[in-house]
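A.B. asks: Predicted model and sequence follow; I will ask about them next.
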Amino acid sequence: MPQLTAPLRGITVVSVEQAVAAPFATRQLADLGARVIKVERPGGGDFARGYDATVRGQSSYFVWLNRSKQSLSLDIKAAAGAEVLAGLIARADVFVQNLAPGAAARLGITAAELVERHPRLVACDVTGYASDGPYADRRAYDLLIQAESALLSVTGSPEAPARVGASVADIAGGMYALSGILTALYARERTGAGAALEVSLFEALTEWMSQPMYYAMYAGVPPPRIGTHHATIAPYGPYATADGSVLFSIQNEREWGRLCTDVLAAPGLASDPRFASNVARVAHRGELQDEIERVFRTRSTEQVTAHLNAARIASGAANTVLDLLEHPQLAPGWTEIGTPNGPIRALRPPVRSGNGEPQLGAVPAPGEHTDQILAELGLDPAAITALRAEGVIGTGSDT
């Protein structure tokens, strides 16, 4: 069968986006071949461009989230800018926005309003707490959502909670926006009708918290916060060796039996009442750790890992981010993309497909494609110059 090298080729996405969640969703649409027009404020653009300056003087967040996009510098609050945006949306297949609470409604660009005007459009609002609850007007950022969703309460040490070190609330929201948009595009192929979607960061991360919620709901207490060990499975976490530690996990009784027999050389532990089931092992976690480390401390990390591998028990290294950069498993996935300040390394998307390579284009400069996009809408050079003079589109310093 012929390969479909860019499954979303021919799909145009217009996104009034900022920060992480919506840009993460649209970048993945771009990876799949969609044309993504990113609408940015004149005079600097998406504020995530200024989060840091570590990647050749550019934000690590921005270069991660915005490859393969076209940047349009446009003041959508100005009447002429709103008219340009309306023209773009009329030609688009997908529209995404994650503006502050109430802003899209004031501009008349909520998903529901747009789909009513353009029935084939797939429009997605990415919000903090959804538009129909008591928190609808609250601003929402990643750490705040981690706290509100109780993720902080199950992350960290017994002494103190800890923020998850990646932007998991934004990532969760972006992933659900992506899956919703792809589903709606698939449905449109069958029905001809678009869809109005809404994804909230709070509900997205709360979905990820379902297992701790069920545990607390029926146990009457939340799962304990115990650092790098698993709250409800044992053994599962780091255990000391003669020269460091090793992380490993037991998921079922067959693996527990192999650990006792093949790794610990203590087959009697498998039937010890304290450890005969996962529930029992969790209840006797401290004694279990003593039994394991009594053996592990007589061997090096390399020796323990070799024994675990031979017994078909999953283990892993506690890598630093610098270690991760050189991880042998990632080596085939690295490529190079362009940015306004020169080429950088980038990883291919994690989904491997026989349908060809993903589209990995350059990270745009602020407003880089403004004149091109406006010309496509039928504006002549004089009209573009006039918009620039009025401040509706960015000046030369944006490009």
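C.D. replies: Happy to help now that I have it. Residues are numbered from 1 along each chain as shown.
A.B. asks: Would you mind finding the longest helix in the chain?
C.D. replies: For the chain, the helix with the greatest residue count under DSSP state H is helix 168-191.
A.B. asks: Could you list the low-confidence segments of the stretch 201-350 of the chain?
C.D. replies: For the stretch 201-350 of the chain, no stretch is flagged by pLDDT under 70.
A.B. asks: residue ranges for the helices of it, please.
C.D. replies: Taking DSSP state H, counting those that start in this stretch, the helices of the stretch 201-350 of the chain run over residues 201-208, 210-219, 253-258, 278-283, 285-296, 301-310, 321-325.
A.B. asks: now do the stretch 51-200 of the chain
C.D. replies: 60-65, 79-91, 103-107, 111-117, 142-148, 168-191.
A.B. asks: Single out the most deeply packed of those.
C.D. replies: When you average the neighbours per residue for each of the helices of the stretch 51-200 of the chain (mean count of other Cβ atoms under 10 Å), helix 60-65 leads with a mean of 21. No exception for glycine: its C-beta is placed from N, CA and C like everyone else's.
A.B. asks: Ramachandran coordinates for Ile37?
C.D. replies: For Ile37, the backbone dihedrals (degrees, to the nearest 10) come out as phi -100, psi 110.
A.B. asks: So for it, what pLDDT did the model give?
C.D. replies: What the model reports for Ile37 is a pLDDT of 98.
A.B. asks: For Leu85, see how far away it is.
C.D. replies: 10 Å (Cβ to Cβ, to the nearest Å).
A.B. asks: Next, show the common contact partners of those two.
C.D. replies: Residues touching both Ile37 and Leu85 (Cβ atoms under 8 Å, 6 or more residues apart in numbering): Val14.
A.B. asks: related to what we said a few turns ago, could you dump the helices of the stretch 201-350 of the chain to a markdown table with distance to Ser15 and mean neighbour count?
C.D. replies: A markdown table is the format used below for the helices of the stretch 201-350 of the chain (distance: least, Cβ to Cβ, whole Å; neighbours: other Cβ atoms under 10 Å):
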| stretch | distance to Ser15 | mean neighbour count |
| --- | --- | --- |
| helix 201-208 | 16 | 21 |
| helix 210-219 | 29 | 12 |
| helix 253-258 | 45 | 16 |
| helix 278-283 | 45 | 16 |
| helix 285-296 | 47 | 16 |
| helix 301-310 | 45 | 17 |
| helix 321-325 | 29 | 9 |
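A.B. asks: now these in CSV, with distance to Ala6?
C.D. replies: Output for the helices of the stretch 201-350 of the chain, formatted as CSV (distance: least, Cβ to Cβ, whole Å):
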stretch, distance to Ala6
helix 201-208, 27
helix 210-219, 35
helix 253-258, 42
helix 278-283, 46
helix 285-296, 50
helix 301-310, 40
helix 321-325, 28
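A.B. asks: nearest to Ala346, of the ones you listed?
C.D. replies: When these are compared by Cβ to Cβ, helix 321-325 sits nearest Ala346, at 12.3 Å.
A.B. asks: can you map out the strands along the stretch 1-150 of the chain?
C.D. replies: Assigned by DSSP state E, counting those that start in this stretch, the strands in the stretch 1-150 of the chain fall at 12-16, 35-40, 69-73, 94-97, 122-127.
A.B. asks: would you list these in CSV and tack on distance to Tyr239 and mean neighbour count?
C.D. replies: CSV is the format used below for the strands of the stretch 1-150 of the chain (distance: least, Cβ to Cβ, whole Å; neighbours: other Cβ under 10 Å):
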stretch, distance to Tyr239, mean neighbour count
strand 12-16, 46, 24
strand 35-40, 46, 26
strand 69-73, 45, 26
strand 94-97, 45, 27
strand 122-127, 41, 28
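A.B. asks: Export those as TSV, with columns for distance to Ala365.
C.D. replies: Below are the strands of the stretch 1-150 of the chain laid out as TSV (distance: least, Cβ to Cβ, whole Å):
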stretch	distance to Ala365
strand 12-16	17
strand 35-40	10
strand 69-73	7
strand 94-97	21
strand 122-127	24
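A.B. asks: per-domain residue ranges of the chain.
C.D. replies: Split into domains by automatic domain parsing, the chain comes to 12-209+329-398, 236-317.
A.B. asks: Which one of these lies nearest to His229?
C.D. replies: domain 236-317 (3.4 Å).
A.B. asks: what's near enough to touch His307?
C.D. replies: By Cβ under 8 Å, 6+ apart, the residues touching His307 are 262-263, 299.
A.B. asks: where's it relative to Val263, distance?
C.D. replies: 5 Å.
A.B. asks: And for Pro350?
C.D. replies: Taking Cβ to Cβ, one finds Pro350 at 31 Å from Val263.
A.B. asks: now do Thr301
C.D. replies: Using Cβ to Cβ, we find Thr301 at a distance of 13 Å from Val263.
A.B. asks: Over to Ala147?
C.D. replies: Using Cβ to Cβ, Ala147 is found at 39 Å from Val263.
A.B. asks: same deal with Asp371?
C.D. replies: As judged by Cβ to Cβ, Asp371 and Val263 stand 65 Å apart.
A.B. asks: The two: which is more packed in?
C.D. replies: Between Asp371 and Val263, Val263 has the larger neighbour count (other Cβ atoms under 10 Å), namely 21 against 18.
A.B. asks: so the more buried one touches Leu308, yeah?
C.D. replies: Yes - between Val263 and Leu308 there is a contact under Cβ atoms under 8 Å: 6.1 Å.
A.B. asks: wait, what's in contact with the spatially most central residue of the chain?
C.D. replies: Residue closest to the average C-alpha location in the chain (Cα atoms, centre = their mean): Ile171, at 2.5 Å. Counting by Cβ under 8 Å, 6+ apart, Ile171 makes contact with 20-21, 24.
A.B. asks: Redo those residues as JSON lines? Include neighbour count and pLDDT.
C.D. replies: Converted to JSON lines, the contacts of Ile171 look like this (neighbours: other Cβ atoms under 10 Å; pLDDT from 0 to 100):
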{"residue": "Val20", "neighbour count": "25", "pLDDT": "97"}
{"residue": "Ala21", "neighbour count": "32", "pLDDT": "97"}
{"residue": "Phe24", "neighbour count": "24", "pLDDT": "98"}
